[in-house]
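Undergrad: mind looking at a prediction? Sequence and model below.
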Amino acid sequence: MREVENIAVDVADNAIDRDLLFEIISSFIYEDDFSIELKMKIIEAKTIYLDRKALLENEENQQQE
């Protein structure tokens, strides 16, 4: 259940796109666990999101100075 909550937050934050969400939902339905490939896609999506967020925060901080 906790995984679903985390995925929902990531979707709301636009860290996970529609295609990846489809893969995640399919995995919930048809598999016992996420495949290694899917886990890597989730990690990559979250990493990209966090990198973008950090860049935006840095830009905002520089503008305030």
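TA: Good, I have the coordinates.

Undergrad: go through this protein and flag its longest helix.
TA: Secondary structure of the chain per DSSP state H: the longest helix is helix 36-64.

Undergrad: which elements pack onto that helix?
TA: helix 2-12, helix 18-30 (3 or more CB pairs under 8 Å, 6 or more residues apart in numbering; DSSP states H and E). C-betas here are computed from N, CA, C, even on glycine.

Undergrad: hey, what's the angle from the last one to helix 2-12? Just curious.
TA: In this structure, helix 18-30 runs at an angle of 160 degrees to helix 2-12, with axes from the mean of the first three to the mean of the last three CA atoms, to 10 degrees as the basis.

Undergrad: distance between helix 18-30 and the chain's centre?
TA: 13 Å (CA atoms, centre = their mean, to the nearest Å).

Undergrad: show me what it is in contact with.
TA: Residues from elsewhere that reach helix 18-30 (CB atoms under 8 Å, 6 or more residues apart in numbering): V4, I7, V11, I16, D33, F34, S35, L38, K41, I42, A45.
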